[in-house]
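1. have a look; sequence and predicted model below, questions after that.
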Amino acid sequence: MPRRLASLAAVLCGLTLAPSAFAAKPKIAFRLEYAPPTPAEGCPDAEELALLLAGEFGYLVVRTDVSPVVRIEVHRVGRGFEAELWAPEPVEGAEPWHGRTDPQGTCRELAYDVAALVEARLGARAWGNEAPPPHLAAPPTIEVQSPELHPFTFRPPESLALLMPRPTAMVTDAASPGEQSSVQVTAAIGPAITPYGLPSLAVGGSGLMSFRWKPFALAVDVRGVVTPVRGIGPRDIPARTSLWTASILPCARTRFVDLCASVAVGRAAFHFEAPDPILMSDGFTVGFGGRVAGNWQFHPTYSLVMYGDAVADVRSVVFTTVDPTTGATVRDWRAPVVRLGLGVMFAATLSE
C-alpha cells in the first residue's frame, strides 16, 4: 500500500512540477475497458482504476485516442473477488495475453493487484529496450507555450480531485470484516399475542431496541397485550385482563436465528365494566425465560423478525374476589407458571 500511494504521489508531482520531463520519458498508452461486478460492492470505478494504473506506470497511461485495448472483468468468487484480463503483448503481431488474478477479500485490494499485473505485462521492464513497442507507443504530446511567462496554477481533473482525499477510505475498506467492531443499532415494532398464560388469548403489540455486534446482541423489549374477550375464572367474571412487560434480552447471533435469554418484569391489570367486590389482585410479575427469533433481511436496511418466547414467572398473578352470595373469599384465577408469547416485527437499522 505505501509503495502504491508513493507512486501515485509521484504522478501528481510530475504533472504539476515537471511536465517537460514527463514528455521526454518513453511512454505507452492504451484504452481501458472495465466491467465491475453488479452490484459494484465497493469496487473502484473506471476513473479510479485508471489512476491506480497511472500510479504503477508513473504517468497517465489510459487514453481514449489510441488503438490498444486492455479489458478487465471483475467477478464474484465466493466471498471474494477475482479479475480476468485481456491485454496486448509487447511483441507486435502476437496473440493478446489472457489471464486471471488470485482472489482477494475486497474489490479495492484486487484493483491494486490488477494495476500491478498490467504494469508487469506492459511496463518498461517488459520491453527489453529503451523505446516502447511501436504498436503500444503513446502519441506525442503537443504543447503550446506562450511567449510570455505567466504564473501557472494546475487544476487537476475532477477524477483526480475526487481521488486525492480518499487514502483513508481505501485503508478502511481493505480491513477484514473481523476487524470491524462497530455496533449496529436496530429498532423494531409489530403485533404480538399471548396464547397461554392469561385468562384467555391476549393480543397487542411490542417494540424493541437492539444493539448488535457480530457474535452477540443485547435488546430491550416492551410489550402490551389485552384479552379481547371478557371472562376470568370458572365463574366467568366479566372483566378483561391486560399485561405490560419489559424484558432484557442478551442474545447469541447466527446468520438467520437469534437465541436469547430473557429477564422480564410486568404488571397485570383487570378492567371491569362496573365496580366489583375485588378482595385482592396481585398483578406484579417477575420471570426468566428464553426467546428464539428468526430474521429475514429483505433489504440492506429493513428486515422482518418472527419470534416465540416463554417466560417462567417467579411471582404469579393471583385474582381473588368475594362471593356476593356467600361472602366467602374465592380465588378465581391464578396465572400458570409459564407464559408463552408470539410476534412479528418490522425492523429498521438506524446505524452501523
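-> That came through fine.
2. show me where pLDDT drops low in the stretch 101-250 of the chain?
-> Along the stretch 101-250 of the chain, segments meeting pLDDT under 70 span 128-129, 141-181.
3. quick check: mean pLDDT of the helix or strand encompassing residue 341?
-> Assigned by DSSP states H and E, residue 341 falls within strand 338-351. Averaging pLDDT along strand 338-351 gives 93.
4. for that strand, name the packing helices and strands.
-> strand 184-196, strand 202-212, strand 284-296, strand 302-313 (3 or more Cβ pairs under 8 Å, 6 or more residues apart in numbering; DSSP states H and E). All C-beta atoms are positioned from the backbone trio N, CA, C, and that covers glycine.
5. 7 Å - rerun?
-> strand 184-196, strand 202-212, strand 302-313 (3 or more Cβ pairs under 7 Å, 6 or more residues apart in numbering; DSSP states H and E).
6. adding distance to residue 293 and mean neighbour count, write these out as TSV.
-> Formatted as TSV, the helices and strands packed on strand 338-351 follow (distance: least, Cβ to Cβ, whole Å; neighbours: other Cβ atoms under 10 Å):
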stretch	distance to residue 293	mean neighbour count
strand 184-196	10	17
strand 202-212	9	18
strand 302-313	4	18
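7. how about those strands in JSON lines, adding distance to residue 82?
-> Output for the helices and strands packed on strand 338-351, formatted as JSON lines (distance: least, Cβ to Cβ, whole Å):
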{"stretch": "strand 184-196", "distance to residue 82": "29"}
{"stretch": "strand 202-212", "distance to residue 82": "31"}
{"stretch": "strand 302-313", "distance to residue 82": "30"}
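8. how much space is there between residue 55 and residue 66?
-> Using Cβ to Cβ, to the nearest Å, one gets 20 Å for the distance from residue 55 to residue 66.
9. these two: which has the busier surroundings?
-> residue 55 (24 against 17; other Cβ atoms under 10 Å).
10. what helix or strand does the more buried one sit in?
-> Per DSSP H and E: helix 46-57 holds residue 55.
11. chain center to that helix: distance?
-> 28 Å (Cα atoms, centre = their mean, to the nearest Å).
12. in that helix, what counts as buried?
-> Buried residues in helix 46-57, counted by 16 or more other Cβ atoms under 10 Å: 47-57.
13. so how far is residue 342 from residue 82?
-> For residue 82, the distance to residue 342 - Cβ to Cβ - is 45 Å.
14. kindly apply the preceding question to residue 203 instead.
-> For residue 203, the distance to residue 342 - Cβ to Cβ - is 10 Å.
15. shared neighbours, those two?
-> residue 193 (Cβ atoms under 7 Å, 6 or more residues apart in numbering).
16. give the rounded mean pLDDT of the helix holding residue 55.
-> For helix 46-57, the per-residue pLDDT averages 90.
17. which helices and strands sit right next to that helix?
-> Looks like helix 46-57 contacts helix 2-17, strand 31-35, helix 107-122, helix 158-163 (3+ Cβ pairs under 7 Å, 6+ apart).
18. quick check: angle from that helix to helix 107-122?
-> 50 degrees (axes from the mean of the first three to the mean of the last three Cα atoms, to 10 degrees).
19. can I get the CA coordinates of helix 46-57 in PDB?
-> Provided in PDB are the C-alpha atoms of helix 46-57 (Å, rounded to 0.1, in the frame of the first residue of the first chain):
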ATOM      1  CA  ALA A  46     -13.100   3.200 -14.300                       C
ATOM      2  CA  GLU A  47     -11.600   6.600 -13.500                       C
ATOM      3  CA  GLU A  48     -10.200   5.400 -10.100                       C
ATOM      4  CA  LEU A  49      -8.700   2.300 -11.800                       C
ATOM      5  CA  ALA A  50      -7.100   4.500 -14.400                       C
ATOM      6  CA  LEU A  51      -5.400   6.500 -11.600                       C
ATOM      7  CA  LEU A  52      -4.200   3.300 -10.000                       C
ATOM      8  CA  LEU A  53      -2.700   2.300 -13.300                       C
ATOM      9  CA  ALA A  54      -1.000   5.700 -13.500                       C
ATOM     10  CA  GLY A  55       0.500   5.100 -10.100                       C
ATOM     11  CA  GLU A  56       2.100   1.900 -11.300                       C
ATOM     12  CA  PHE A  57       3.400   3.200 -14.600                       C
END
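20. can you name the next helix or strand after that helix?
-> Criterion used, DSSP H and E; the element after helix 46-57 is strand 69-77.
21. list the buried residues in that next one.
-> Within strand 69-77, judged by 16+ other Cβ under 10 Å, the buried ones are 70-72, 74.
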